[in-house]
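K.L.:
sequence and predicted structure, then a few things I'm wondering about:
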There are 2 protein chains.
Amino acid sequence: MKRLFFLLFALTSLIVGAQGYFTPSVNSPDIAKNGAVTFNIKAPGADSVKLIIDTRVDTLMKRQGNDTWSITLHDLESDLYMYYFVVDGMKVLDENNAHVLRDVKSVMNTFVLDPQGDCPMAVHDVPHGKVEAVWYDSPTLAAKRRMMVYLPAGYDDSRQRYPVFYLLHGTGGDETVRLEQGRAAQVFDNLIASGNAEPMIVVMPNGHTDTPAAPGMGPDCNEQPTFVHKQWMEGTFEKSFNDIVNWVDNNYRTRAAKRYRAIAGLSMGGYHSLYISANQPEDFAYVGLFSPAIGRMDKGKSNIYDNLEEKLVTQFKQRPKVYWMGIGKDDFLYKDNAEFRQLLDKNRLRYTYHESGAGHEWANWRDYLVIFTQLLFK
Amino acid sequence: MKRLFFLLFALTSLIVGAQGYFTPSVNSPDIAKNGAVTFNIKAPGADSVKLIIDTRVDTLMKRQGNDTWSITLHDLESDLYMYYFVVDGMKVLDENNAHVLRDVKSVMNTFVLDPQGDCPMAVHDVPHGKVEAVWYDSPTLAAKRRMMVYLPAGYDDSRQRYPVFYLLHGTGGDETVRLEQGRAAQVFDNLIASGNAEPMIVVMPNGHTDTPAAPGMGPDCNEQPTFVHKQWMEGTFEKSFNDIVNWVDNNYRTRAAKRYRAIAGLSMGGYHSLYISANQPEDFAYVGLFSPAIGRMDKGKSNIYDNLEEKLVTQFKQRPKVYWMGIGKDDFLYKDNAEFRQLLDKNRLRYTYHESGAGHEWANWRDYLVIFTQLLFK
């Protein structure tokens, strides 16, 4: 055992930033069984320390003893959370928590709160699907592009064909974000295992046609994520979407027919889902618009966006099985979404409307995914 | 366009930590075409700011103007780098760089330096393989466990069978680390595309038998990474290794024979590779020990570790195609590795020895992977 400890010591002393590997000075986040969460940070000499959690919490922490700052929160719901500290005006991550995620360009710590053991975003003891990072050919874009594909548990052991859910991201995202902040693999594992969702293939492409892959996974390894793209909601993604559908139908055991295809997305991805499904009324029986960026398009840029009302009437004549919209009361897109609903109402086009609290944020999008997925392929 | 800018503005104002999304106050890391790298950080009121890069750089930065601190480095080699700042004694990440990686528990910024366009760790315009996160059954451990599998470009379009390279991690790692810090997908894409390596399947399991998956991907979503494991180099992983080989042979188009199987690992993974190959002399024609944790085992804990000399003699009688060892001159395991080489020499067992600069670190392990991979299956 002596040699073992020597090895541990030697390893530790070699690794940069190694302090805290074995005896973290504080435990953070400290999650109690009842769901109370305590955040701790050592910040000697600091004048003020704040805790920021998503859009949900922005609070001063209290000094405990000489150099530790703490706060306990008692009323957080089961979900994934992203947070960081602000020490004397400077953003600092929680050194005691190795779990981080990126929101557009901002890296934050993360944790999953699941005191009841029933959070669909948590990893439960259920059969797990497989997640693939693949490169597909897009003849329309003359490019190889990266996307993520979820295959349900049992896919490799069966000869079954599966329905396909195309799940799109917002302008700050890429092909990985629905798995990372969106917890898609966990959500599908859990809903399928509990019988609340059908086994399905979930395809998560990259919705930005000016880049082939998530920042850093394409030719520029150091490319930084951004909201601003050279091509942006101008029709190119929608026009090239069939390249993805064809590739998926050629490479996986899909049920290649409208009633076995769903498309949904958040924000820009909702906008994409709206126009792709409206322009291809024969292709998607299930449409989900999560806080969609409706009414934000530059009309006239592409025939994809022309004659929307007429296209919707045609689409609804062929009766989508589910046309679902979700938005938060405080979303800055609320008014645009209300106008879009009026357009549907005026034409007596039937949809399902879900209004939640809060605004344009991941807590809503994770919820909407859980709700919408349970409606599919039944 | 007015509405477009309103949308951007509204989105920005909604997202926490949004400062810097559009006009980052400084550009960092700023990588010049000649490979010079400038680091910048805004730290108003700070007394000292340091830059730490891996074990390679630990230097004070210079104040520029009121609140920006900078430094330019001119002599960095092509590679992946991990770094952070220390502002008045507190670790701070580079807010202008969204790319981060984790080393055991420490999260750091990262970038890839490739001024000549030939770095095997960079993403080049070559056919890309597919990376899968899968869960396999381990009957020996009575558990479902997670691992990563790289399939070479063309795998899905052919009926070919492929050789398999089992690539293992160190005690601070998990099934993901060889892809993250190790850049395995890029290395294999590049070496295969240039004809310097054979197309192969690469299997990256989790070498810790007390946990089924990387921290956060198993049942405890908030599990923290650690060096200290309940089960640690005591034979269980080695004894259960055939579960992985069998599962891979059953689930992929492998060439299921010794001459088409390689095993290699770093540190603890080198120790695993040594003992798995020595105990199963019929199974692996290629063995790679990267800074292996040789001589660090608790002998007597498992028959896996007994009679090593005798097992090696048996293994080498059956002539491994390549038995490769790499270690850095400054590695704290250097002496133990030298003793192991003496054991091999004494028995006239033929191996390839590669001695590099530096110590027990990823810069070496990435290099060793590039060198070793080019020797396989030829």
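P.N.:
Received it, and whenever you're ready, just let me know what you need.
K.L.:
for A:Asn196, list the residues it contacts.
P.N.:
Going by CB atoms under 8 Å, 6 or more residues apart in numbering or on different chains, A:Asn196 touches A:Gln374. To be clear about C-beta, it is placed using only N, CA and C from the backbone, and glycine gets the same treatment.
K.L.:
which residue sits closest to the residue of the stretch 151-300 of chain A found nearest chain B, ignoring its sequence neighbours?
P.N.:
Nearest residue of the stretch 151-300 of chain A to chain B, counting by CB to the nearest CB: A:Cys221, 3.8 Å away. Nearest residue to A:Cys221, sequence neighbours excluded (CB to CB, 6 or more residues apart in numbering or on different chains): B:Val112, at 3.8 Å.
K.L.:
distance-wise, check the residue of the stretch 151-300 of chain A closest to chain B relative to B:Met121.
P.N.:
Distance of A:Cys221 to B:Met121, computed by CB to CB, to the nearest Å: 8 Å.
K.L.:
which neighbours do those two have in common?
P.N.:
Joint contacts of A:Cys221 and B:Met121 (CB under 8 Å, 6+ apart) are B:112, B:114.
K.L.:
circling back: number of residues surrounding the residue nearest to A:Cys221?
P.N.:
20 (other CB atoms under 10 Å in any protein chain shown).
K.L.:
neighbouring strands - and their directions - for the helix or strand containing it?
P.N.:
Assigned by DSSP states H and E, B:Val112 falls within strand B:106-113. Here strand B:106-113 is paired, per DSSP bridges, with strand B:79-87 (antiparallel), strand B:100-103 (antiparallel).
K.L.:
could these go into TSV alongside mean pLDDT and mean neighbour count?
P.N.:
TSV is the format used below for those (pLDDT from 0 to 100; neighbours: other CB atoms under 10 Å in any protein chain shown):
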stretch	mean pLDDT	mean neighbour count
strand B:79-87	97	22
strand B:100-103	96	20
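K.L.:
run through chain A and note the low-pLDDT ranges.
P.N.:
A:1-24, A:296-300 (pLDDT under 70).
K.L.:
now the helices: where do they sit in it?
P.N.:
Assigned by DSSP state H, the helices in chain A fall at A:2-14, A:177-180, A:184-193, A:236-239, A:241-251, A:268-279, A:308-317, A:334-346, A:362-373.
K.L.:
how about a markdown table for those helices, with distance to A:Gly326 added?
P.N.:
Converted to a markdown table, the helices of chain A look like this (distance: least, CB to CB, whole Å):
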| stretch | distance to A:Gly326 |
| --- | --- |
| helix A:2-14 | 48 |
| helix A:177-180 | 15 |
| helix A:184-193 | 15 |
| helix A:236-239 | 21 |
| helix A:241-251 | 22 |
| helix A:268-279 | 9 |
| helix A:308-317 | 18 |
| helix A:334-346 | 9 |
| helix A:362-373 | 4 |
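K.L.:
figure out which of those is closest to A:Ala214.
P.N.:
A:Ala214 lies closest, by CB to CB, to one member of the helices of chain A: helix A:177-180, at 8.1 Å.
K.L.:
so what secondary structure elements neighbour that closest one?
P.N.:
The contact analysis (3 or more CB pairs under 8 Å, 6 or more residues apart in numbering or on different chains; DSSP states H and E) places helix A:177-180 against strand A:143-151.
K.L.:
list the strands paired with the strand it packs on, with their directions.
P.N.:
Counting by DSSP bridges, strand A:143-151 is paired with strand A:130-138 (antiparallel), strand A:201-205 (antiparallel).
K.L.:
between the last one and helix A:241-251, how many degrees?
P.N.:
Read it as strand A:201-205. With axes from the mean of the first three to the mean of the last three CA atoms, to 10 degrees applied, the angle from strand A:201-205 to helix A:241-251 works out at 140 degrees.
K.L.:
what separates strand A:201-205 from the chain centre, distance-wise?
P.N.:
Its chain's C-alpha centre and that of strand A:201-205 lie 12 Å apart, by CA atoms, centre = their mean, to the nearest Å.
K.L.:
thank you, goodbye.
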